[in-house]
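Enquirer: sequence and predicted model, in that order:
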Amino acid sequence: MGATIGLSTLRRRLNPGILPGFGLSLGFTLLYLGLIVLLPLAALAIKASGLGLSGLWAIATDPRVVASLKLSFGIALIAAGINAVFGVIVAWVLVRYDFPLKRVVDAAVDLPFALPTAVAGISLATLYAPKGWLGQITGLAGIKIAYTPIGIGIALVFIGLPFVVRTVQPVLADLEQEIEEAAATLGASRFTTITRVVLPPLIPAILTGFALAFARAVGEYGSVIFIAGNTPFVSEIAPLLIVIKLEGYDYAGATGIALVMLAISFLMLLVINLLQALGRRRFDRG
Amino acid sequence: MDIRVRHLAKEFKTFRALHGVDVDIASGELLALLGPSGSGKTTLLRVIAGLEEPTGGQVFFGDVDATSIPVRERGVGFVFQNYALFKHMTVARNIAFGLEARPRDRRPSSTAIAARVEELLDFVQLSGLGGRYPAQLSGGQRQRVALARALAVEPKVLLLDEPFGALDAKVRKELRKWLRIIHDKTGLTTIFVTHDQDEALELADRIVVLNKGLVEQIGSADDIYDRPASPFVYDFIGDAVGLDVAVQDGRAYVGNQSVPLGILLHGYGTGRLYVRPHHWQFSDAEGARLVGTVVSQRRSGSERRAEVELAPGVSFEISVMPGQEFTTGDRLGMRPQRWRLFTGDGRVFDPTVTGEPLDYEI
Amino acid sequence: MADDALIPDLHLPEPRRLPPPRSPAAPTVVSEGPLARAAIMTVAFLFLALFLVLPLITIFAEAFSKGVGAFFNTFSDSDALAAVKTTFLVTAIAVPANIVFGIAAAWAVTKFQFPLKSVLLTLIDLPFSVSPVVAGLVYIILFGAQSSLGPWLAAHGIQIIFALPGMVLVTIFVSVPFVARELIPLMQEQGTAEEEAALTLGASGFTIFRRVTLPNIKWGLLYGVLLCNARAMGEFGAVSVVSGKIRGETATMPLQIDIYYNEYASVAAFSIAVLLALSALLTLAIKAVLEWRFANELAAGRRH
């Protein structure tokens, strides 16, 4: 009874609105998120605090850990960059040009979202292996892809491919072509029009897509481990090192690496939110 | 069902929508809530419906304090601004919804519901359209479905939020008359919100003029138009000129000219004098007139207006009667026939109903 | 009604306000020259062929490289069948749980005002920015044998890590946001007017949800469920960390692929991959149909 009265006074104080189900829906949401998301993350935080700052520092500065973090972040950055460039081109083609099977191509862009990462992983590994279709071709030029950092990059480009396309596409579609016509009447060349009139409003969307692709790539595991080769100091990504530490029952080591990765992920989340807010503020036509 | 609203207040997180509103609505009355956007008129309607919880005050339905009765049980028929029709249901299902949603023991049989739906479709002149979806109807038809849906549950009061806001001018005028007919037929206490003064003046028995969450005036169309209770109502309803005046020695001065008001004012200070453009009378009487210069003329709908300048920077519009001809540059002598003066310290003077004595013919 | 004649005939057609027709792909004065156009399209298609088409073809080519018989032979292995079963079991628990959560969260967020709403929204999105491996790790730290809960769980015979409950929990974790993220913007756009109308007509909360809200969000819900399901079925990193990869017991299809691949049973690995790829293609097809046919009933920013 007491709880019921407490809820109703709380409801009156909050004044959430008159539709039914406020307590039930919000209560369930908070309970679910608390148990599924917050509780485990809190367990990680507690575990990490048990290590102490010096313990964490020792883990984070271990040469093998440093090498894996550098590799993960470095290649994720390059892959996101590649996706930013090609993502804009693909979005442009999908929005501005007509061609047969356009709908199919448009739908196919989401394949990396729908295809399980392990499937993508073995497929890319097979494709780029020295005996694979593409591996043979690059082998002729003396370039080895599978089991090298380049292979990691290929996998990360694959899983990050849809992000930039899908953030840029709707913005580009909403862009009024009148502004390009205006630029044309003012005597601008097509190249000038695109670089000075069309691209600037797309920048927040491109950056958002870049950040999303980067965040996804940093933590990616399934598609990478098959093609990476997983040689310590050369092609061993941070998530894999966590798994290796776990298999060796080194929970402290795994926690330390996870904490560094989480910290950077949250930073990315913050950046993404800021970018989206910026995009809304500057380019929303209310 | 009569409705009494007492000291009603509503605060949202960032602003106060209502600051203590009192209104009495007689049973069977058709009442308009009129005001500019942000005046609190929609909030007042939603609080009466139970769609918003007030932060203070009460709403009585008859003798019952309805403030804490949830909207489900309050028995109001509410017509939403954009109708809020259920898009995925046919017109007939929309109208039947309220009856079908009743608990089993109070729910009419399906044949009774079907009969009621037919009756209402007939009532709002949409017979034969029961099988259509809202998207297949015109704006005016949707409006009538929304009304039929609200009437289906046999409400005690009918509340309409900007009922004609989303319609074009022609349909709007026709539906206006029609709402009056519906109201008279059902005999329901009806309250509607509008920002359109013509709509309120033409349709309602009485009008509540709201501004910034406060009642400026309650009265019939004649009260509101002929005897505006505040400068706000003058500015909001109809055309009027507001002149800043200085009150001293029983007279009101615009610049150095005294306005021939026909009565002796008392007190000192500033005030604002309101005169409608067609309430100026031309006068040659020396000393009992305001003298100005015609600076421009223009057509305004069915009449003509002249802009008269009293002094540099002080000018106002007057109506030009048929047969009168002015040329720009003409000097005119004028006196206000009907007017109201609101002084800075909150007193009101006018030629007929001022509570202050001492009529004094100059 | 005797005075019907008083009522004006209001069957006036409403002027239709359609946006001016303009195909976004129609050539205009502001289009690139044919040469530039061809170059841009070539680059885009080469990129997509390299990263989408070739990997997809590889899956099927490898699965059938030893003939159709070898492909079907994979599924006579009890481990492969067990993996299919485990995947369906995990998905069948995780997806409905996230559907209920997604609906509750969207209802709370879009139908009510309350403080710190943006914090809640960020929290819902949080699992997207956590590496799957880290997701698995946090559950091991919480429930594993070395955790403070570990001895208690063991004493009561409850096994979470290296067992199905752990796999279900991490799968829920990684797919938490999908349904909510689709429904929240959609229900935000739709507003609360229809629900309020139902309320003034006397409907109960459950009736309002079932008869007014649900029909309006059904396609959006399906869209979210589709994405949630794809992620839940395909999750690898998080599940592999907590599963222990016990053959025939805690191996889902993606984990079984890993097992076969490491044993150089390439055909078997790719045969299972074919099933998952077909399911992915089906997901994309339904998703495309939803976007094409019911675009208006999905959230405006429906693409993820």
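Expert: That came through, no problem.

Enquirer: kindly report the residues of the stretch 101-250 of chain C close to chain B.
Expert: Within the stretch 101-250 of chain C, the positions adjacent to chain B are C:113, C:193-194, C:196-204, C:207, C:211-212, C:215-216 by CB under 8 Å from any CB of the partner chain. For glycine as for every other residue, the C-beta is placed from the backbone atoms N, C-alpha and C.

Enquirer: where does the stretch 251-362 of chain B dip in pLDDT?
Expert: In the predicted model, the stretch 251-362 of chain B carries pLDDT under 70 at residues B:285, B:287, B:353-362.

Enquirer: try 50
Expert: With pLDDT under 50 as the threshold, the stretch 251-362 of chain B has low-confidence stretches at B:354-355, B:357-362.

Enquirer: so how far is residue C:173 from the residue in the stretch 51-200 of chain C positioned nearest to chain A?
Expert: Checking the stretch 51-200 of chain C residue by residue against chain A with CB to the nearest CB singles out residue C:131 as nearest, at 2.6 Å. In this structure, residue C:131 and residue C:173 are 12 Å apart, going by CB to CB, to the nearest Å.

Enquirer: which one's more surrounded, those two?
Expert: Between residue C:131 and residue C:173, counted using other CB atoms under 10 Å in any protein chain shown, residue C:131 has the larger neighbour count: 27 against 24.

Enquirer: so that one makes contact with residue C:236?
Expert: No. Using CB atoms under 8 Å, residue C:131 and residue C:236 do not qualify as a contacting pair, with a distance of 11.9 Å.

Enquirer: one step back: so which of the residues of the stretch 101-250 of chain C next to chain B are in strands?
Expert: Residues of these located in strands (DSSP state E): none.

Enquirer: what's near enough to touch residue C:62?
Expert: Applying CB atoms under 8 Å, 6 or more residues apart in numbering or on different chains, we find residue C:62 in contact with A:123, A:126, C:266-267, C:270, C:273.

Enquirer: assumed it was part of a helix.
Expert: Yes. The assignment for residue C:62, made by DSSP: H, G, I helix; E, B strand; the rest coil, places it in a helix.

Enquirer: and the residue of the stretch 51-200 of chain C closest to chain A, how far from residue A:237?
Expert: As it turns out, when the distance is counted by CB to CB, residue C:131 lies 10 Å from residue A:237.

Enquirer: can you check residue A:41 too?
Expert: 22 Å.

Enquirer: residue ranges with poor pLDDT in chain C?
Expert: Flagging of chain C using pLDDT under 50 yields the residue ranges C:1-27, C:303-304.

Enquirer: determine which residue lies closest to the centroid of it.
Expert: residue C:227 (1.4 Å; CA atoms, centre = their mean).

Enquirer: what residues are up against that residue?
Expert: Contacts for residue C:227 were tallied using CB under 8 Å, 6+ apart; they are A:113, C:178, C:182, C:283, C:287, C:304.

Enquirer: name the SS class of it, please.
Expert: Look at residue C:227: counting by three-state DSSP, its state is helix.

Enquirer: could you report the neighbour count for residue C:293?
Expert: If you count neighbours by other CB under 10 Å, residue C:293 ends up with 11.

Enquirer: wait, residue B:15
Expert: Residue B:15 has 11 neighbours, counted by other CB under 10 Å.

Enquirer: what's the answer for residue A:98, then?
Expert: Neighbouring residues of residue A:98 were enumerated by other CB under 10 Å; the total is 11.

Enquirer: what's the pLDDT at it?
Expert: Residue A:98 is assigned 91 on the pLDDT scale.

Enquirer: now it. Its backbone dihedrals?
Expert: Comment: the main-chain dihedrals of residue A:98 come out as phi -110, psi 140, following degrees, to the nearest 10.

Enquirer: what's the helix or strand harbouring residue A:80 packed up against?
Expert: Per DSSP states H and E, residue A:80 falls inside helix A:63-96. Packing partners of helix A:63-96 (3 or more CB pairs under 8 Å, 6 or more residues apart in numbering or on different chains; DSSP states H and E): helix A:39-60, helix A:102-108, helix A:149-174, helix A:199-219, helix A:238-247, helix A:251-283, helix C:34-48.

Enquirer: try 7 Å
Expert: With contacts defined as 3 or more CB pairs under 7 Å, 6 or more residues apart in numbering or on different chains; DSSP states H and E, helix A:63-96 has these neighbours: helix A:149-174, helix A:199-219, helix A:238-247, helix C:34-48.

Enquirer: closest one to residue C:127 among the ones you listed?
Expert: Each of those was checked against residue C:127 via CB to CB, and the shortest separation belongs to helix A:199-219, namely 10.8 Å.

Enquirer: circling back to that earlier point, where do the contact lists of residue C:131 and residue C:236 overlap?
Expert: Among the neighbours of residue C:131, those also in contact with residue C:236 (CB atoms under 7 Å, 6 or more residues apart in numbering or on different chains) are residue A:221.

Enquirer: nearest to residue B:203, of the helices and strands packed on helix A:63-96?
Expert: Shortest separation from residue B:203 across those is recorded for helix A:149-174, at 41.4 Å, computed as CB to CB.

Enquirer: hmm, back to that, neighbour count winner among residue A:41 and residue A:237?
Expert: Neighbours were tallied for residue A:41 and for residue A:237 using other CB under 10 Å; the higher tally belongs to residue A:237 (30 against 21).

Enquirer: and the pLDDT for the more buried one?
Expert: At residue A:237, pLDDT is 95.

Enquirer: gap between it and residue A:212?
Expert: When CB to CB is the yardstick, residue A:237 and residue A:212 sit 19 Å from each other.

Enquirer: what packs against the helix or strand containing residue B:19?
Expert: Using DSSP H and E, residue B:19 sits in strand B:16-25. Helices and strands touching strand B:16-25, as assessed by 3+ CB pairs under 7 Å, 6+ apart, comprise strand B:3-11, helix B:41-49, strand B:214-219.

Enquirer: please pull up the helix or strand immediately following it.
Expert: Next along the chain after strand B:16-25, taking DSSP H and E as the criterion, comes strand B:30-34.

Enquirer: mind listing what's buried along that next one?
Expert: Buried residues in strand B:30-34, counting neighbours by 16 or more other CB atoms under 10 Å in any protein chain shown, are found at B:30-34.

Enquirer: what count of nearby residues applies to the closest residue to chain B within the stretch 1-150 of chain A?
Expert: Shortest the stretch 1-150 of chain A-to-chain B distance, computed as CB to the nearest CB: residue-wise this is residue A:18, at 5.7 Å. Using other CB under 10 Å, residue A:18 is surrounded by 21 other residues.

Enquirer: what does the one 10 residues further on give?
Expert: Close neighbours of residue A:28, defined as other CB under 10 Å, add up to 18.

Enquirer: same question for the one 5 residues further on.
Expert: Using other CB under 10 Å as the criterion, residue A:33 is surrounded by 20 other residues.

Enquirer: with adjacent residues omitted, what lies nearest to it?
Expert: residue C:123 (5.5 Å; CB to CB, 6 or more residues apart in numbering or on different chains).

Enquirer: can you check residue B:237 too?
Expert: For residue B:237, the nearest residue in space outside its immediate sequence neighbours is residue B:197; the separation is 5.2 Å by CB to CB, 6+ apart.
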